[in-house]
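Novice: show me how the following folds:
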Amino acid sequence: MRIDTIFTNGRIRTMDAARPIASRMGVLHGRIVGLDEELDGVTADRTVDLGGQPVLPGFHDAHHHLSLTGARLAAIDLRPGRISSLDELYSAIAQYARANPDEEWIRGAGYDQNFLEDHPTAEGLDRASGGRPVIVEHVSGHMLVASAKAFAIAGYDDLRDVPVVPGGGIPRDADGRALGLLQEQAMQLIYALVRPMPLDEVQHNLDLASRHALAYGLTSVTEPGIGATDMIGNSPVDFHSYQTANEHGVLGVRVTLMPFVSTLHDIDRMPEWFGLDLGIRTGLGDDLLRVGPVKVLSDGSFIGRSAAMHRCYLGEADNTGVLLHEPERLEDFIVRAHASGWTVATHAIGDRAADHVLDAIEAAQRRLPRPGVRHRIEHFALATDERIRRTAALGVIPVPQGVFISDFGDGMAAAVDPELRDQIYRVKSLADAGIVLNGSSDSPVSDANPLTSIRDMILRLTGSGEVLGPQERISVEDAVRAYTYGSAYAVGQENDKGTLSAGKLADFITLTDDLFEIEPERITDQRVTATVVGGEVRFGEL
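Specialist: Next up is the predicted model:
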């Protein structure tokens with residue numbers, strides 16, 4: 001037998017319990033055909049010496065906004081660590097405006113008011129930009145601040161005229177003038193001016209984000225929301241953008257795409273059907289590009305204190321967050337999508353939102369049982385034992401973000417009653433309940449580096465060094481499995497990826513050191529030296 005490639009002299013951890021370790025791996029037509037002695041007598045067109053490097057299956061991010069990550073990479077970087085005060089933020093805007101006099105709109109992204117004195121303001125952005133329109137997006141993606149010029153272009157020369165938006169927040173001063181901050185649905189007042197995004201800009205952003213992902217060892221990502229210009233997405237033809245990027249070789253990673261719920265609709269003369277034209281639903285596609293679950297948003301963000309909670313946020317006696325849909329409407333979305341064959345992935349950060357989502361999934365299964373369907377709750381930030389038990393019983397997959405512990409753990413702990421802190425982003429308890437763990441970053445909310453999330457799932461250290469929920473720590477093996485097999489399982493693709501086993505896609509990475517043999521604190525000191533997708537090197541050298 002002759003195959004394409006034999007990779008030799010590797011310290012291969014397959015993440016397959018049936019055969020956890022290997023040193024040789026054979027590849028034919030982009031898939032693994034055998035390991036070690038299974039390759040005896042087999043010849044290959046190419047032999048690649050891995051030089052004794054550690055090898056793992058390619059990382060898979062279960063919740064990664066790829067196109068928005070590209071847009072964030074193309075914008076002014078305002079993330080904590082780069083910007084530590086409002087003066088620095090305004091200075092960064094001013095410097096960019098001076099250096100780019102021909103850009104019509106100035107875009108910044110990644111600021112977090114928890115690391116500044118407050119949110120920026122419309123007037124402050126106006127002064128910094130010299131009167132040009134500015135959009136500054138919050139790190140959570142659930143808020144933005146626009147300059148006074150941007151509001152004027154939208155038709156609001158007087159900031160007192162900015163309207164109330166259902167499902168959105170618009171803080172105002174004592175005279176009723178909008179301060180510039182727009183939350184949730186209110187963001188559409190400004191997004192309507194800059195979306196749909198031009199297709200060439202989307203292509204550029206996908207190229208940036210794909211290269212960024214490959215450098216981190218990501219071979220697959222699940223893109224949680226396309227096609228909706230009012231919340232998440234670039235244009236109504238987002239799938240076309242991804243397909244074109246794939247055809248042009250721009251898309252280096254495998255992508256599972258979640259259409260946003262607003263792209264689904266009633267189908268003519270099919271009164272019970274709710275979906276896309278031609279009955280397209282979860283699962284259509286190939287190994288490179290596939291339709292995933294439908295994405296629904298139920299609430300806001302934790303760090304923006306807009307996630308829907310049963311109790312008020314600490315120090316905010318009248319704030320229990322925001323439900324983006326009334327429970328009855330949310331249930332209608334989920335029940336109808338479920339009945340039409342979709343898997344449903346619902347963003348729910350607050351405990352009140354999570355309970356409404358579980359109620360809706362329970363109702364959907366009562367009306368039309370679908371054993372084995374893997375509905376998801378994206379984030380699942382607060383979980384009691386009973387909520388976890390119920391989630392497991394329904395077969396629902398929570399998708400938490402380990403990296404949020406180091407990035408936002410201190411702020412999250414400060415936002416809730418102290419007795420709720422042990423409920424924040426639980427992981428080990430999910431596994432103990434029989435739930436298959438997955439790994440994700442919510443990039444660009446947090447940096448996409450899987451090694452950071454893996455470290456955080458193991459150590460659970462906040463930015464200040466506090467251990468947040470020590471009882472929720474997991475092992476290196478469990479954290480790596482989450483970022484490989486677990487994320488594939490979360491989209492029903494565990495038969496094709498997630499372990500290095502015969503018949504599976506030849507997606508793997510090499511690293512500077514073996515994550516299993518070093519102290520967890522050193523995991524983020526390592527780097528990916530090569531990323532291989534379908535047997536071909538997409539990043540680095542071998």
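Novice: burial count for R13?
Specialist: 22 (other C-beta atoms under 10 Å). Heads up, the C-betas are built off the backbone N, CA and C, glycines and all.
Novice: isn't there a strand covering F539?
Specialist: Yes. Counting by DSSP: H, G, I helix; E, B strand; the rest coil, F539 falls inside a strand.
Novice: next up, the contacts around it.
Specialist: Contacts for F539 (C-beta atoms under 8 Å, 6 or more residues apart in numbering) come out as R211, L214, A215, G217, G252, V528, A530, T531.
Novice: right, and T531 touches R211 too?
Specialist: No. T531 is not in contact with R211 according to C-beta atoms under 8 Å; the separation is 10.3 Å.
Novice: between these two, who's got more neighbours?
Specialist: Of the pair T531 and R211, T531 is the one with more neighbours under other C-beta under 10 Å, namely 26 against 16.
Novice: for that one, list each beta-bridge partner.
Specialist: With beta bridges defined as DSSP bridges, T531 has these partners: I509, F539.
Novice: can you give me the end-to-end span of stretch 444-454?
Specialist: 17 Å (C-alpha to C-alpha, to the nearest Å).
Novice: tell me the mean pLDDT over that stretch?
Specialist: Across stretch 444-454, the average pLDDT comes to 96.
Novice: same check, this time on stretch 341-358
Specialist: pLDDT averaged over stretch 341-358 gives 98.
Novice: what segments of the stretch 251-400 of the chain are strands?
Specialist: 254-259, 265-267, 270-275, 289-291, 294-297, 344-348, 376-379, 397-399 (DSSP state E, counting those that start in this stretch).
Novice: and those strands, which one averages the lowest pLDDT?
Specialist: Of all these, the minimum mean pLDDT falls on strand 270-275 (a mean of 86).
Novice: next, the buried residues of it.
Specialist: For strand 270-275, burial by neighbour count (16 or more other C-beta atoms under 10 Å) applies to W273, F274, G275.
Novice: kindly state the beta-bridge partners for the second one.
Specialist: Think F274. D266.
Novice: for it, give its distance to G124.
Specialist: Going from F274 to G124 by C-beta to C-beta, to the nearest Å gives 44 Å.
Novice: then the last one?
Specialist: Using C-beta to C-beta, one obtains 45 Å as the distance from G275 to G124.
Novice: the first one now?
Specialist: Spatial separation of W273 from G124 under the definition C-beta to C-beta is 49 Å.
Novice: check E37 too.
Specialist: For E37, the distance to G124 - C-beta to C-beta - is 67 Å.
Novice: neighbour count winner among these two?
Specialist: Using other C-beta under 10 Å as the criterion, E37 and G124 rank with G124 on top: 23 against 9.
Novice: any idea which helix or strand carries that one?
Specialist: In the assignment (DSSP states H and E), G124 maps to helix 122-129.
Novice: now do the helices in the stretch 251-400 of the chain.
Specialist: When assigned using DSSP state H, counting those that start in this stretch, the helices of the stretch 251-400 of the chain occupy the ranges 327-339, 351-367, 385-393.
Novice: residues contacting T484?
Specialist: M15, L56, P57, G58, F59, H60, G439, K497, G498, T499.
Novice: that's a helix at it, yeah?
Specialist: Yes. Assessed by three-state DSSP, T484 belongs to a helix.
Novice: so how far is I303 from it?
Specialist: 28 Å.
Novice: wait, L214 sits on R538?
Specialist: Yes. With contacts counted by C-beta under 8 Å, L214 reaches R538, the gap being 5.0 Å.
Novice: what about the two, which has more around it?
Specialist: L214 (23 against 19).
Novice: which one is the more buried one nearest to, not counting chain neighbours?
Specialist: Ranked by C-beta to C-beta, 6 or more residues apart in numbering and with sequence neighbours excluded, the top spatial neighbour of L214 is F539, at 4.0 Å.
Novice: which one of the contacts of T484 sits closest to H29?
Specialist: The nearest member of those to H29, counting by C-beta to C-beta, is K497 at 15.1 Å.
Novice: so who does the closest one touch?
Specialist: Contacts of K497 (C-beta under 8 Å, 6+ apart): P57, G58, H60, T219, S220, R254, T484, A488, K504, L505, D507.
Novice: show the buried residues in the residues you listed.
Specialist: Taking 16+ other C-beta under 10 Å as the criterion, what is buried in those is P57, G58, H60, T219, S220, R254, T484, A488, K504, L505, D507.
Novice: how about CSV for those, with distance to D417 and secondary structure added?
Specialist: What follows is the buried ones among the contacts of K497, written out as CSV (distance: C-beta to C-beta, whole Å; DSSP: H, G, I helix; E, B strand; the rest coil):
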residue, distance to D417, secondary structure
P57, 40, strand
G58, 40, coil
H60, 35, strand
T219, 41, strand
S220, 38, strand
R254, 41, strand
T484, 36, helix
A488, 37, helix
K504, 45, coil
L505, 45, strand
D507, 43, coil
